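**Q** How does the following fold in three dimensions:
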Amino acid sequence: MIEANSSPAGAPATGLSRTLRGRHLMMISIGGIVGGGLFVGSSTSIRAAGPAAFLSYALTGLIILLIMRMLSEMAASSPHARSFTEYARAGLGDAAGFVTGWLYWYVWVMTVPIEAIAGATILQRWIPLSQFQLGLALMSVMTIVNLQSARSYAEFEFWFASIKVTAIIAFILLAASYAFGWTAPLVSGMHRATFANLTDHGGFAPHGWIAVLGAVPTAFFSMTGAEITTIAAVESEHSSEAVARMSSLVIWRILFFYVVSLFFIVSVSPWSDVRSGESPFTRALTTMQIPWADSVMRFIILTAVLSCLNSAFYVSSRILFVLGERADAPASMIRLNSRHVPMGSVLAGSAAGFLGVAGKHVLAAAGVHRDRLRRDRPHLRDRQWRHRFVRGIGARVFRCHGRVHDEGDGGGAADGGAGRHRRRRAVRRGQRTRHRALPAAVLRLDARHVLYRARVGRVDGGGAATVRLLREF
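**A** Numbering: from 1, shown residues only. The predicted structure is shown next:
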């Protein structure tokens, strides 16, 4: 038997709660599979493989079934392992467990700000606040939820997954009714089925069967999260039995939610009408003339995004907790609060999320400033405006302000020859000593631009003195 649950000597006593029930694990497994990859990402697979895209998801579901079966066997042989990453440690050594754990944590901790920004973008259509403010609000709410207890995470995930399941079932019923011709528009006085869309627009596999296999990696990305059940099951009463039960049901969920829904999408609307990056569900609902289709799908996609954000918080905190138990992370990561939640691990993921949201805001502001600079000063070359900040530092040091670099200011003609002579005398009186105190990199960048402008004859009289000075360095 594989023993992967031994803790290092001297580790503090820890104990996660075991408050999750069967209904929680059931919906967590569904929520881990059904997400934005189905509602939006499937458009890429349909564009790549045509109507045969649902076969790509069927093949991916088969592979996921095999993986989950393997995980269930390992969970049964090592019931006390807190994460599937511990199986790599047990089979390949501590180094493999260290690398696997940190890489898996990195994937999910990067998902936190991505999903927060995506959710804020969707909410902007209904709430008149900036993306930055909405992102901070989402991060705050999810941080509080995950600091409460594992039960809080599970309850939120239960209702998020319930909304997604209800929406998919309703969509399948509507699409099936339309595809079989029961609610389709009248053609020659009668309702006709729309299954001809499977072959009428270039064939069933218009790009060949290799393209069907090529869509499998996209399908794998859509189904990322099926393994969350193995992590959440540790906090249930019967972890090994729960994992075995969930793994036997995952293939049927994939077949129902992915394969059946995609089959009816390409049956209701021509696959060539689907646009990559747009929800094919919205396209199908629009074809069926369902009112408020766009708003309804936006709400469902928002639910999927928030579900993924909630799961990213949970998974990243539990993986970091396992690493801390193995002394592969700081000891503060395994300290539990009164509700048996690893507070340090949750706050680490929260900090990454807040930094990501703030970084997106800073980059957006920098992009606005860059566009304004390009618009207000179109005469600047790309090479020039990229280093404008560095050149501005050089201009201040040389006491030439903008006249050394900006010919638009009129050069030295504005203050006559006297200004040029004053600058030359300042250089001769000992400015060279202060210039040498500058970092070499700044001098090289500044010299490169000034000498370039000197070669093309675009440096005024005051700049000529600076050119001579720079050539001496």
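
**Q** Now do the helices in the stretch 151-300 of the chain.
**A** Ranges of helices within the stretch 151-300 of the chain are 209-214, 216-222, 228-232, 239-254, 261-268, 280-287, 293-325, based on DSSP state H, counting those that start in this stretch.

**Q** The last one - what's its average pLDDT?
**A** Model confidence over helix 293-325 averages 89 on the pLDDT scale.

**Q** and if you look at the second one?
**A** Model confidence over helix 216-222, given as mean pLDDT, is 85.

**Q** State the distance from the residue positioned nearest the centre of the chain to Ala219.
**A** The centroid of the chain falls nearest to Ile114 when counting by CA atoms, centre = their mean (3.5 Å). Using CB to CB, to the nearest Å, we find Ile114 at a distance of 20 Å from Ala219. Every residue, glycine included, has its C-beta placed from N, CA and C.

**Q** hang on, the residue nearest to the centre of the chain in a helix?
**A** Yes: assigned with DSSP: H, G, I helix; E, B strand; the rest coil, Ile114 falls within a helix.

**Q** And the pLDDT at the closest residue to it other than its chain neighbours?
**A** For Ile114, ignoring the flanking residues on the chain, the nearest one in space by CB to CB, 6 or more residues apart in numbering is Gly356 at 7.2 Å. What the model reports as pLDDT for Gly356 is 92.

**Q** does Gly356 really touch Glu115, like I thought?
**A** No: applying CB atoms under 8 Å as the test, Gly356 and Glu115 come out as separate, 9.8 Å apart.

**Q** Counting neighbours, go ahead and name the busier of the two.
**A** Neighbour count, other CB atoms under 10 Å: between Gly356 and Glu115, Glu115 has more, with 28 against 21.

**Q** give the contact list for that one.
**A** Neighbouring residues of Glu115 by CB atoms under 8 Å, 6 or more residues apart in numbering: Val305, Leu306, Cys308, Leu309, Ala312.

**Q** quick one: the third one from Ala348, how far?
**A** The one in question is Cys308. Distance of Cys308 to Ala348, given as CB to CB: 18 Å.

**Q** Counting neighbours, go ahead and name the busier of these two.
**A** Counted by other CB under 10 Å, Cys308 and Ala348 do not tie: Cys308 has more neighbours, with 25 against 20.

**Q** if I read this right, the more buried one contacts Gly225, doesn't it?
**A** Yes: using CB under 8 Å, Cys308 makes contact with Gly225 at a distance of 7.5 Å.

**Q** which residues are common contacts for these two?
**A** Residues touching both Cys308 and Gly225 (CB under 8 Å, 6+ apart) are Gly35.

**Q** what pLDDT does the residue nearest to the centre of the chain get?
**A** 90.

**Q** likewise the one 4 residues further on?
**A** What the model reports as pLDDT for Ala118 is 90.
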